[in-house]
Each structure stands twice: as C-alpha cells, then as structure tokens.
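*Asks:* predicted model, plus sequence, below.
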Amino acid sequence: MLAGKPARKKGNARNGTTKKTVRTDFGHIELDVPRDREGSFDPQFVKKHERTLNGFDDKVISLYSRGMSTRDIQAHLKEIYGVDVSSTFISTVTDSVLDEVKQWQQRPLESVYPVVYLDGLVVKNREEGIAHNKCVYLALGINTEGRKELLGLWIAKNEGAKFWVSVMNELKNRGVNDIFIACLAKQCFSGLKGFPEAIETVFPKTKVQLCIVHQVRNSLKYVSYKQRKEIATDLKTIYGADTLAEAEDNLLAFAEKWDGEHPQISKSWQENWGRLTTFFDYPKDMRTCSRLKNMLG
C-alpha cells in the first residue's frame, strides 16, 4: 500500500471553535464555542444566536460564595464553558453585592423581639490562599408574629464581652428597644464569662436563657454509649418539669443517682441553674421556643 495521508474517519467530528462576543451585566466577554463538521452541536450554556448572557454574574457570585478564589473561578469557567474571563471582570461582579450587603446590615429592625437566639457557625474562610475555620456569630430573632428573622452576622478576632456590647448597641441603634429572652448557645460562649452581662448592660430587662440542647449534649459527652439513653431520660425530667420547684427536686434526684459515676454533670447544671431555668417564668407555649429549639434546626 502506498504511503500517504491517513483516511478521514467517517461520521461527525469536532471542527475547532468559533469566537463569539456576548454582553453581560458587567461588560463583554469572548467565548470559544465548539463546533462540529455536521453543525449539530447545540450549546446549552449560551444558546445559538444569543448575544446577551443573563444570570452569568449569579453563577460567578455562587462560585465565589463557596470559597473559590478568583483564579479558581477563571479556571472553572474555562474548563466547563470554554470562557476566558479576566480577574477584573470577576472582581467587578463580586464587588457588586457589597452595596446590597451594607444595606442589609444597616436595615432598621422591629422595636420588640420576644426571643433572640445568639449562636455561631463555623465556616471555611480563605486567607492568602489558605483555608481557615472561622466562627460567624449570628443573632436570630423571633418577632411578635412568631416568624424567624436573621438580625445580623458578625466576625471578630477577639470575641470578648466588649465585642458583644458593641453588637447589642448596634441592634439598639437599629431600632430594637426590648428583648424578652436572649437564648445563648452555651457551647459557643462557654469560655466567655461576661457575655450574659454584656447583653444585660444594653438591655437590662432582658432575661438570659442558656440553650438546653447544648447543655444536654455537653452532659452526655461524659458518659459511655450504653448509659446515654438512661441519663438523657433522667435529664429530661429536669427541663421537662412543669414547675421550677419540681425541676429542682428532679435535679437533686439525678445527682443522688449519678454523682457516684458522673459528678460533673449535676455540677454543671447547678453552676448554670439560674440561666438554665429562665423559661419557667413563662407560659408553656413559650417554653419550647426558648428552652429547646435549636436555632439552626
């Protein structure tokens, strides 16, 4: 057989790309649209003859919110869509939400919140190319209509009492005049002794309730798996009591039964008793909301 060019394969095949410029909310970008010999390729991200790309900025913001760097977003868009996007374009898109964020942070609040939960979420945060765990502190209010409302989000390097006084003052400056019960996630604030006092400094009539869910979890971490169900049932007799006096009696009974093996459990409840039993001052309808309900659940 004579040497020569290899025979062309039968059937459809890729046939390079076609350049296409589309307009977005933040400027123009150039695409390399794949094509085939039969002209049957139908782009899904940017349709044929489409010159305006709606929602592209939302995709960039979505990737950015998941912790991807500008370089990662560039590489992702290039790999998946064949789109060459400059770092300036990505920065313009991500910076566009800052005004909305500032408006949300400064928006006025209602004057009264029957219950406000204060908790923290551990999130991944990228600094100088390295991912770190960071705690984002948040305040979730239950308004007078019984609806949840996220009042604010804060990140602080030093979560001292002074920081939380400033947070409470911010809420007050935005219109909050009174909070009936402030529910604290003890797991997040156990090392911050002045935190309840920080709330009471700004809202002196507010009663502080430590989260029973976190208190129970902290109690059960001391015991073996075989004993957890029984101890959890006995703890429920304390916070599930009808009156404060009954709860006190049940705590004494719990201590008598379990202090021989786990003295640290009843000791922890006794040390925080005043702020674990605030909900007994209110009708039963409010108790589930203030005592047990995990704000993130």
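*Replies:* That came through, no problem. Numbers count the residues shown, from 1 in each chain.
*Asks:* mind listing the helices for this protein?
*Replies:* Secondary structure of the chain, counting by DSSP state H: helices at 56-65, 70-81, 87-95, 98-105, 161-173, 186-189, 195-202, 212-220, 225-239, 244-258, 263-271, 273-276, 284-287.
*Asks:* as CSV, the ones you listed with mean neighbour count would be great.
*Replies:* Glycine gets a C-beta too; all of them are placed from N, C-alpha and C. Shown next, in CSV, are those (neighbours: other CB atoms under 10 Å):
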stretch, mean neighbour count
helix 56-65, 17
helix 70-81, 15
helix 87-95, 16
helix 98-105, 10
helix 161-173, 17
helix 186-189, 19
helix 195-202, 18
helix 212-220, 19
helix 225-239, 15
helix 244-258, 16
helix 263-271, 16
helix 273-276, 17
helix 284-287, 13
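*Asks:* the residue lying closest to Lys257 once chain neighbours are set aside: what's it in contact with?
*Replies:* Nearest residue to Lys257, sequence neighbours excluded (CB to CB, 6 or more residues apart in numbering): Asp234, at 6.9 Å. Contacts of Asp234 were listed using CB atoms under 8 Å, 6 or more residues apart in numbering, and they are 254, 257-258.
*Asks:* one more time with 10 Å
*Replies:* Neighbouring residues of Asp234 by CB atoms under 10 Å, 6 or more residues apart in numbering: 250-251, 253-254, 257-258, 265.
*Asks:* C-alpha coordinates for stretch 223-236, PDB please?
*Replies:* Written as PDB, here are the backbone C-alpha positions of stretch 223-236 (Å, rounded to 0.1, in the frame of the first residue of the first chain):
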ATOM      1  CA  VAL A 223     -20.800   9.200  79.600                       C
ATOM      2  CA  SER A 224     -20.500   5.900  77.700                       C
ATOM      3  CA  TYR A 225     -22.800   5.000  74.900                       C
ATOM      4  CA  LYS A 226     -24.600   2.400  76.900                       C
ATOM      5  CA  GLN A 227     -25.600   4.900  79.600                       C
ATOM      6  CA  ARG A 228     -26.600   7.800  77.300                       C
ATOM      7  CA  LYS A 229     -30.200   6.800  76.800                       C
ATOM      8  CA  GLU A 230     -30.900   6.400  80.500                       C
ATOM      9  CA  ILE A 231     -29.100   9.600  81.500                       C
ATOM     10  CA  ALA A 232     -30.800  11.500  78.700                       C
ATOM     11  CA  THR A 233     -34.200  10.300  80.000                       C
ATOM     12  CA  ASP A 234     -33.300  11.400  83.600                       C
ATOM     13  CA  LEU A 235     -32.200  14.800  82.300                       C
ATOM     14  CA  LYS A 236     -35.500  15.300  80.600                       C
END
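*Asks:* quick one: average pLDDT of that stretch?
*Replies:* Mean pLDDT, stretch 223-236: 94.
*Asks:* one more: stretch 272-292?
*Replies:* Mean pLDDT, computed over stretch 272-292, is 76.
*Asks:* hey, which helix or strand in the protein has the poorest pLDDT?
*Replies:* Scoring the helices and strands of the chain by mean pLDDT, DSSP states H and E places helix 186-189 at the bottom, with a mean of 53.
*Asks:* just want the most central residue of the protein.
*Replies:* Geometric centre of the chain, nearest residue: Leu121, 5.2 Å, by CA atoms, centre = their mean.
*Asks:* my read: that residue touches Val136, true?
*Replies:* Yes. At 4.9 Å, Leu121 and Val136 qualify as touching, with contact defined as CB atoms under 10 Å.
*Asks:* so what sits against both of these two?
*Replies:* Jointly contacting Leu121 and Val136 under the rule CB under 10 Å, 6+ apart are Leu153.
*Asks:* for the residue nearest to the centre of the chain, give me the pLDDT.
*Replies:* Per-residue pLDDT puts Leu121 at 81.
*Asks:* would you check how far apart it and Glu200 are?
*Replies:* Using CB to CB, to the nearest Å, Leu121 is found at 25 Å from Glu200.
*Asks:* next one: Lys20
*Replies:* Distance, Lys20 to Glu200, using CB to CB: 63 Å.
*Asks:* show me the contacts for Ile231.
*Replies:* Here Ile231 is in contact with 216, 219-220, 222-224, 254, 257-258, 261-262, 265 (CB under 10 Å, 6+ apart).
*Asks:* typo on my end, it should be Ser224
*Replies:* 231, 261-262.
*Asks:* need the contact list for Leu171.
*Replies:* Contacts for Leu171 were tallied using CB under 10 Å, 6+ apart; they are 109, 113, 116, 139, 141, 151-152, 177, 179, 202-203.
*Asks:* hey, what's the closest residue in space to Lys20 that isn't next to it in sequence bridged with?
*Replies:* Using CB to CB, 6+ apart and skipping the chain neighbours, the partner closest in space to Lys20 is Leu31 (4.7 Å). With DSSP bridges as the criterion, Leu31 is bridged to Lys20, Val83.
*Asks:* I am finished for the moment; much appreciated.
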